[in-house]
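Asks: Okay, predicted coordinates and the sequence, questions at the end:
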Amino acid sequence: MNEPLMPHRTHTWVINLDRSADRLARIGPALDALGLAWTRQRAVDARDLSPAQAAQLEEAAYARKHGKRPALGELGCYLSHMEVMQNFLASPHEFALVLEDDAQLGAELPAVVAALERLSGRWDMVKLSGVHSGTPQSVATLTDHTKLAVMLSRCTGSSAYLVNRHAAQVYLDRLLPMELPYDHVFDRGWALNLKIRLASPPPCGHDQGVETTIALPQNRKFHWTKRLSAYGYRLRNEWQRVGYGLHQWWTERRRASTP
């Protein structure tokens, strides 16, 4: 009798709204072409939130920290990522490759994921795409073209990232209710006590030509006089990011120099 096959260490979840079949039709074949096993994660639709889901938005904290009115689409996106974490932890896999359905997948993605599996003790979450550079500081080699890096500045976006089981559990334990958009909180390694890294240059991108499904309300940004608390929060957050990044970089340097 044949022994059962061991599960792949990494499995891919693609977050996709029911009304965005065209996006799934684009990214699905791209994943198949790269040889990546994947599962569609039905996205939480902001048009059809349950009372329990709507209650996961902390509006006062959002206004204080972000200086804007929240969009329910942001809550839907946020809860969709949380549901991926639940499904990942219920699976036998060690790592989850989490993709939003507008992610652009580079040819090197499988090689980068394989390299990250080999270096699994060096990270808890690795960003594989980003809207800003993140001022990366390399700490290890992943492929001939890609480095594992710590970030000294913000690198927003959550369209592609790799996460281990420890980080997934921390996200479920610590990131609800929602006080900021998901991509503003899930990489705060200093606050979550996680090893947050970046694949540099990122093997995935964000398709700027695809219209967002997050309906943003008009005039959502408060007058600057009502944004002072948000400015203060961001200033503290970015100083903490720099301090965290430098500490992580120094720790990795010491690790590399230890025989």
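Replies: The structure has been received and is ready for your questions.

Asks: Pull stretch 40-51 out as PDB, backbone CA atoms only.
Replies: What follows is stretch 40-51 as a C-alpha-only set of coordinates in PDB (Å, rounded to 0.1, in the frame of the first residue of the first chain):
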ATOM      1  CA  ARG A  40     -10.000  30.500  -3.800                       C
ATOM      2  CA  GLN A  41     -10.900  32.400  -0.600                       C
ATOM      3  CA  ARG A  42     -14.300  33.900  -0.900                       C
ATOM      4  CA  ALA A  43     -13.900  37.500   0.000                       C
ATOM      5  CA  VAL A  44     -16.100  39.200   2.500                       C
ATOM      6  CA  ASP A  45     -18.400  41.500   0.500                       C
ATOM      7  CA  ALA A  46     -18.900  44.900   2.200                       C
ATOM      8  CA  ARG A  47     -22.300  45.000   0.500                       C
ATOM      9  CA  ASP A  48     -23.500  42.100   2.600                       C
ATOM     10  CA  LEU A  49     -21.900  42.400   6.000                       C
ATOM     11  CA  SER A  50     -23.500  40.500   8.900                       C
ATOM     12  CA  PRO A  51     -24.000  42.500  12.100                       C
END
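
Asks: which other residues reach that stretch?
Replies: Residues outside stretch 40-51 that contact it (CB atoms under 8 Å, 6 or more residues apart in numbering) are 13-20, 24, 53, 71-73, 75-77, 79-80, 83-84, 87, 214-215. Just so you know, the C-beta spots here come from the backbone N, C-alpha and C atoms, and that holds for glycine as well.

Asks: Of those, select the buried ones using a PyMOL command.
Replies: Buried residues among these (16 or more other CB atoms under 10 Å), as a PyMOL selection:
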select buried, resi 13+14+15+16+17+20+53+71+72+73+75+76+77+79+80+83+84
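
Asks: The contacts of stretch 40-51 in strands, which ones?
Replies: Among the contacts of stretch 40-51, DSSP state E puts Trp13, Val14, Ile15, Asn16 in strands.

Asks: and which of those residues is nearest Ser91?
Replies: Nearest to Ser91 out of these is Trp13 (CB to CB; 9.3 Å).

Asks: so what's that closest one up against?
Replies: Counted by CB under 8 Å, 6+ apart, Trp13 has contacts Trp38, Thr39, Arg40, Gln41, Val84, Asn87, Phe88, Ala96, Leu97, Val98, Leu99.

Asks: Most neighbours of all these, which one?
Replies: Counting neighbours by other CB atoms under 10 Å, Leu99 comes out on top of those with 28 neighbours.

Asks: Quick check: that residue touching Ile15?
Replies: Yes: using CB atoms under 8 Å, Leu99 is in contact with Ile15, at 7.0 Å.

Asks: TSV for the ones in strands among the contacts of stretch 40-51, including distance to Ala46?
Replies: Formatted as TSV, these follow (distance: CB to CB, whole Å):
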residue	distance to Ala46
Trp13	19
Val14	18
Ile15	13
Asn16	14
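
Asks: out of those, who's nearest Leu142?
Replies: Distances from Leu142 to the ones in strands among the contacts of stretch 40-51, taken as CB to CB, are shortest for Trp13 (21.5 Å).

Asks: burial count for Ala256?
Replies: Ala256 has 9 neighbouring residues, counting by other CB under 10 Å.

Asks: do His132 as well
Replies: His132, neighbours per other CB under 10 Å, totals 11.

Asks: Not including adjacent chain positions, what is the nearest residue to it?
Replies: Cys155 (5.1 Å; CB to CB, 6 or more residues apart in numbering).

Asks: Using the three-state scheme, assign the one you found.
Replies: State at Cys155, reduced to three classes by DSSP: H, G, I helix; E, B strand; the rest coil: coil.

Asks: ok, so of the ones in strands among the contacts of stretch 40-51, who is nearest Glu179?
Replies: Nearest to Glu179 among those, counting by CB to CB, is Ile15 at 20.4 Å.

Asks: Check the gap between the residue most central in space within the chain and Cys204 for me.
Replies: The centroid of the chain falls nearest to Ser158 when counting by CA atoms, centre = their mean (3.8 Å). Distance of Ser158 to Cys204, given as CB to CB, to the nearest Å: 11 Å.

Asks: Cool, thanks, signing off.
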